[in-house]
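Trainee: sharing a model prediction with you, sequence too.
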Amino acid sequence: MFSFTKNQEVFDISGVHIGGQPGIYPTVLFGGLFFKGEPNFDDAKNELKKMMTLSEKTGNPAIPDFFIKKEEDIEDIINFIEKTLPKNYPFSVDITDPSIKVKILECLHEKKMLSRTIYNSIHVGITDEEKLTLEKYTPDAAIIVAFNPKDKSPDGKIEVLENGAHLTDKGLLDIAKEIGIKKILIDTAALAPGENSGASIAAIPVIKEEYGLPAGCAIHNVVEKSKWLDNFGVARKIVDAASNITINIFGGDYAIFGPIANSDIVFPIMAWNDILISEYTENYFGVSPVDSHPRRKFRP
Amino acid sequence: MSPEIKTSVIGSYPIHIDGMELMSKYFDQTEISWKKYIKNAVSDMIAAGIDIISDGQTRDPFVQIFTRKFKGCRIRERTEIIGKIEYNDPITIDDQKYTRSLIPDNVELIGLITGPYTLTKSCVDLFYNDEKEIAFDFAYGLQQEANALQEYVDIISIDEPFFSMGIPDYGKELIEIITKDISCPTRLHVCGDISEVIPEVLDMPVDILSHEFKASPHLFNSFKEYSVSKKICVGAVRSDDPRIESVDEIVDHIRKAFDVFGEQIVQLAPDCGQRMLSKNVAFQKLKNLVMAGEKIKWQRKKFH
């Protein structure tokens, strides 16, 4: 368990606090919706309700992470977010196609929702058009994916943040700052098993110590690619959810935990681990958890 | 091209790396291959008619290609030395093997080594506090790479641009460490204005010397003062200027080189790596270089 010498940023993203020294703020949990690209809004509504209830119970903030894969779904999904989430509640948009990213930013601007948007994500594939659109329609926060195809180690992740590993004309941090993004979250880029997958966890304290920015990742992706788990029946879902505890135990601030349907297991596991961390960090480093922390909620 | 004079490259070739394509591989969690980029560079060099090609050094700038793989180095804004420098695993061998598989039998392959002094001068030292020790540790690491490399290439070129700013008294020893067990021909490329270090360069334990004569034509006069027994690679098109030299302009330049070096000339090349040029410009420069070489060959045959 860690305490960092570098001052740790805490961002308030539309009421959700993220970052800081381990043991103070509960881990923020991003639950994914519409990953398969076929939005089912009834199911999504139920799942969101379930996740919000778990969030209230445990104290771990929940961020719905909306995958938007097709241009024709943009309006429906943004309308759904507008109608379903509480007023001003933060959410993230998780998009890979640069042309869809541009259209979504325009749509979020029109609907005046950028102040509650976490843009997922900026990475070495950023296009000039995307940069210009981000400058024009700047979301409140953005996740930078520190994926360096040349070096998968924690050093490689620092390199891509610092200088873009010569794949972009400058470092990803500078790109985000020049765009005008004030609240930057670092995703340490979990990789498939055999591709130095543990480096994404090892990189969390390295990045927090180097920059003081909130850090986390989607470590559950590594579980998804661990095909051997198919031989162990129900274990897959449990391992998938449990993998997230590697993030907060290494000082991380958020977990992109995969399908929102896994909330029922992920929230209690992460709350349990946050309590474990907080007990130690308060005793050893003297940092106290905030009132909303699971340790306050479940004080024995 | 006459058998005694060949067209060559110095090292890098400009290839656009598609960041989004790399990210798609990340999102799909599938393996990233660099072969497409190597093939792209190699295809251009072959299409231009170059006799001795490289892998294009597409992965990284010429310093980071090596420092990324050495123990004791980490890459930040520049490479930082944070521990003892040691050779870890082969650095360029896989790319050279792949490049070899792409090229026809009549095209030769050049293996590229960034020199130990240039690596030393390009890094930020946070460990040694002794520049000479760093340079020697790099040299011993590069020796292992060169020894492995010679199996797969026809010639090895050591790139030492920092020599142009002064060669340390141990400079020759550094190069000797790399070349002493190499059985294929070796070339030392030093770009920049080397007029102050010509005697030391002429004494280097390599077969061929390569310099940027096009950007620094006054070097012809500087070399006239010395007896040159080494073979020469003439830089004949600029690597720092997008203007495409005409074939006649290149021919005139090579003629001037012949006035100074005569039969010692064995290679014609760009002044330096072409990374900073656009792909179209780099390609056209290589094409014109090849055509100029053919013209020289024809004229020399006629003359003889």
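Mentor: Done, it's in. Residues are numbered from 1 along each chain as shown, chains lettered A, B, ... in the order given.

Trainee: when you work out contacts or count neighbours from here on, use the C-alpha atoms and nothing else.
Mentor: Noted.

Trainee: distance check, A:Leu33 against A:Ala44.
Mentor: Distance of A:Leu33 to A:Ala44, given as CA to CA, to the nearest Å: 7 Å.

Trainee: comparing those two, which residue is more hemmed in?
Mentor: A:Leu33 (26 against 19; other CA atoms under 10 Å in any protein chain shown).

Trainee: residue contacts, that one?
Mentor: A:39, A:44, A:64-67, A:259-260 (CA atoms under 8 Å, 6 or more residues apart in numbering or on different chains).

Trainee: distance between the ends of stretch B:233-251?
Mentor: 15 Å.

Trainee: what's the spacing between it and its chain's center?
Mentor: 16 Å (CA atoms, centre = their mean, to the nearest Å).

Trainee: contacts made by that stretch with the rest, please.
Mentor: Against stretch B:233-251 from outside (CA under 8 Å, 6+ apart): B:208-215, B:253-254, B:257, B:265-274, B:276-278, B:281, B:284-285, B:288-289, B:291-293, B:295-296.

Trainee: just the contacts of A:Leu33: which are in helices?
Mentor: A:Ala44 (DSSP state H).

Trainee: closest to B:Leu102 among the contacts of A:Leu33?
Mentor: A:Phe67 (40.9 Å; CA to CA).

Trainee: what's around the closest residue to the closest one other than its chain neighbours, how many residues?
Mentor: Closest residue to A:Phe67 apart from its sequence neighbours, by CA to CA, 6 or more residues apart in numbering or on different chains: A:Asp94 at 4.6 Å. A:Asp94 sits with 22 neighbouring residues when counted by other CA under 10 Å.

Trainee: and B:Ile134, helix, strand or coil?
Mentor: Following DSSP: H, G, I helix; E, B strand; the rest coil, B:Ile134 is assigned to helix.

Trainee: in stretch A:189-198, which residues are buried?
Mentor: Within stretch A:189-198, the residues that count as buried by 16 or more other CA atoms under 10 Å in any protein chain shown are A:189-193, A:197-198.

Trainee: whoops, stretch B:214-221 was the one
Mentor: For stretch B:214-221, by 16+ other CA under 10 Å, it's B:214-217, B:219-220.

Trainee: rewinding a little: in strands, which of the buried residues of stretch A:189-198 appear?
Mentor: Among those, no member falls in strands (DSSP state E).

Trainee: residues contacting B:Gln64?
Mentor: B:75, B:79.

Trainee: residue contacts, the closest residue to B:Val190 other than its chain neighbours?
Mentor: With sequence-adjacent residues excluded and distances taken as CA to CA, 6+ apart, B:Val190 is closest to B:Pro161, at 4.6 Å. Contact partners of B:Pro161, counting by CA under 8 Å, 6+ apart, are B:118, B:189-192.

Trainee: counting neighbours, which of those residues comes out on top?
Mentor: B:His189 leads the contacts of B:Pro161 on contacts (other CA under 10 Å) with 26 neighbours.

Trainee: dump the contacts of A:Leu33 into TSV; add pLDDT and distance to A:Gly216 as well.
Mentor: Below are these laid out as TSV (pLDDT from 0 to 100; distance: CA to CA, whole Å):
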residue	pLDDT	distance to A:Gly216
A:Pro39	94	26
A:Ala44	97	24
A:Pro64	98	16
A:Asp65	98	14
A:Phe66	98	18
A:Phe67	97	18
A:Pro259	96	17
A:Ile260	97	17
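
Trainee: quick one: which of the contacts of A:Leu33 is nearest chain B?
Mentor: The shortest gap between chain B and any of these belongs to A:Phe67, at 12.5 Å (CA to the nearest CA).

Trainee: please name the residues that touch that closest one.
Mentor: Contacts of A:Phe67 (CA under 8 Å, 6+ apart): A:32-35, A:37, A:93-95.

Trainee: excluding chain neighbours, what is closest to the closest residue to chain B within the stretch 151-300 of chain A?
Mentor: Closest contact between the stretch 151-300 of chain A and chain B, by CA to the nearest CA, is at A:Glu159 (5.1 Å). With sequence-adjacent residues excluded and distances taken as CA to CA, 6+ apart, A:Glu159 is closest to B:Arg76, at 5.1 Å.

Trainee: gap between the closest residue to B:Ser229 other than its chain neighbours and chain A?
Mentor: Among residues not flanking B:Ser229 along the chain, B:Gln264 sits closest, at 7.2 Å (CA to CA, 6+ apart). Noted for B:Gln264: a distance of 38 Å to chain A, by CA to the nearest CA, to the nearest Å.

Trainee: same check on B:Gly192?
Mentor: Where chain A is concerned, B:Gly192 sits at a distance of 24 Å (CA to the nearest CA).

Trainee: name the SS class of that residue, please.
Mentor: Under three-state DSSP, B:Gly192 comes out as coil.

Trainee: got the contact list for it?
Mentor: B:Gly192 neighbours (CA under 8 Å, 6+ apart): B:161, B:164, B:211-212, B:216.

Trainee: would you mind listing the buried residues in stretch A:77-89?
Mentor: Those buried within stretch A:77-89 under the rule 16+ other CA under 10 Å are A:77-78, A:81-82, A:85, A:89.

Trainee: CA atoms of it as CSV?
Mentor: What follows is stretch A:77-89, C-alpha atoms only, in CSV (Å, rounded to 0.1, in the frame of the first residue of the first chain):
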residue,chain,number,x,y,z
ILE,A,77,-27.7,6.9,-26.9
ILE,A,78,-27.1,10.6,-26.0
ASN,A,79,-30.9,11.0,-25.6
PHE,A,80,-30.9,8.0,-23.4
ILE,A,81,-28.1,9.4,-21.2
GLU,A,82,-29.9,12.7,-21.0
LYS,A,83,-33.2,11.2,-19.9
THR,A,84,-32.0,8.3,-17.7
LEU,A,85,-29.1,9.6,-15.7
PRO,A,86,-29.7,12.0,-12.8
LYS,A,87,-29.3,15.7,-13.8
ASN,A,88,-25.7,16.6,-14.2
TYR,A,89,-24.5,13.1,-13.4
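
Trainee: tell me the contacts of A:His220?
Mentor: A:240-241, A:243-244, A:256-258.

Trainee: could you tell me how many residues sit around the nearest residue to it once chain neighbours are set aside?
Mentor: Nearest non-adjacent residue to A:His220, counting by CA to CA, 6+ apart: A:Asp240, 5.3 Å away. Using other CA under 10 Å, A:Asp240 is surrounded by 22 other residues.

Trainee: do A:Asp76 as well
Mentor: For A:Asp76, using other CA under 10 Å, the count is 12.
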